[in-house]
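1. this one's sequence-less:
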């Protein structure tokens with residue numbers, strides 16, 4: 001767990017803005033961090049309320065997103081400085097020369113590439129983020145399955161994608177019992193790699209080795225009736241299956257048939 005100040009400090013050090021004179025004030029880092037937090041939650045389907053809530057598993061992605069935003073600010077700052085400071089944001093310290101020293105002489109390397117350097121760095125970090133976010137853990141990335149492997153086709157040479165994670169689960173199931181018939185209504189799943197729904201049932205709440213009662217390949221169909229069910233307590237769930245036959249069980253409904 002990290003505080004906002006700690007994350008901002010990490011970003012500052014990644015854009016060489018930690019020793020006097022400091023080029024960018026904290027207000028820009030705060031804005032970049034808020035944007036990064038919102039994008040992280042959107043991309044991965046997470047609900048972190050604030051920076052301290054971000055777990056270590058995702059902290060590096062948050063820092064990388066915020067760094068990308070500050071790279072854009074630095075690139076803009078350098079470009080504006082070429083016009084004698086005109087158009088510089090009020091919260092930025094004026095830079096007297098358009099070219100920035102990227103690495104100090106103590107490292108034995110010096111680069112004076114100006115805004116082109118910051119744009120290049122932002123693009124490289126974005127590419128890294130895209131790849132890392134795809135394998136960062138549970139959730140979705142831009143509404144698409146996050147976990148996948150890339151492999152090259154031996155026939156056409158193209159890149160194929162094989163999912164390694166199951167799709168998102170159905171989050172809501174409502175069961176209605178009328179006599180011995182049980183009708184299910186569930187939330188529609190919007191998912192690029194959708195293959196089918198499976199209505200499954202078991203006598204065990206753990207849903208171990210369930211019976212498949214119905215398969216539905218149309219993701220827009222979200223209702224089905226199991227007729228003439230034997231009296232007793234049953235457990236039902238909607239299992240989603242993706243194009244690589246990876247399965248995910250969502251909410252389990254308990255049904256008592258008289």
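-> Right, received. Where do you want to start? If you're wondering where the values come from, they're calculated on a predicted model, not measured in any experiment. Numbers count the residues shown, from 1 in each chain.

2. Tell me who's in contact with residue 204.
-> With contacts defined as C-beta atoms under 8 Å, 6 or more residues apart in numbering, residue 204 is in contact with residue 235. No exception for glycine: its C-beta is placed from N, CA and C like everyone else's.

3. For it, give me the backbone phi and psi.
-> Backbone dihedrals for residue 204, given as degrees, to the nearest 10, come out at phi -110, psi 130.

4. Show the pLDDT at it.
-> On the pLDDT scale, residue 204 is placed at 90.

5. With residue 87 instead?
-> pLDDT, residue 87: 38.

6. do the same with residue 250
-> 85.

7. what does residue 123 give?
-> So residue 123 comes in at 82 (pLDDT).

8. and residue 252, which of the three is it?
-> Secondary structure, DSSP: H, G, I helix; E, B strand; the rest coil: residue 252 is strand.

9. so how far is residue 185 from it?
-> 15 Å (C-beta to C-beta, to the nearest Å).

10. Compare neighbour counts for the two and give me the winner.
-> Counted by other C-beta atoms under 10 Å, residue 252 and residue 185 do not tie: residue 252 has more neighbours, with 17 against 13.

11. Show me what that one bridges to in the sheet.
-> residue 237 (DSSP bridges).

12. Kindly report the same for the one 4 residues further on.
-> Going by DSSP bridges, residue 256 is paired in beta bridges with residue 233.

13. so who does it touch?
-> Neighbour list for residue 256: 177, 232-234 [criterion: C-beta under 8 Å, 6+ apart].

14. out of those residues, who's nearest residue 67?
-> Distance ranking of the contacts of residue 256 against residue 67, using C-beta to C-beta, places residue 234 first at 52.1 Å.
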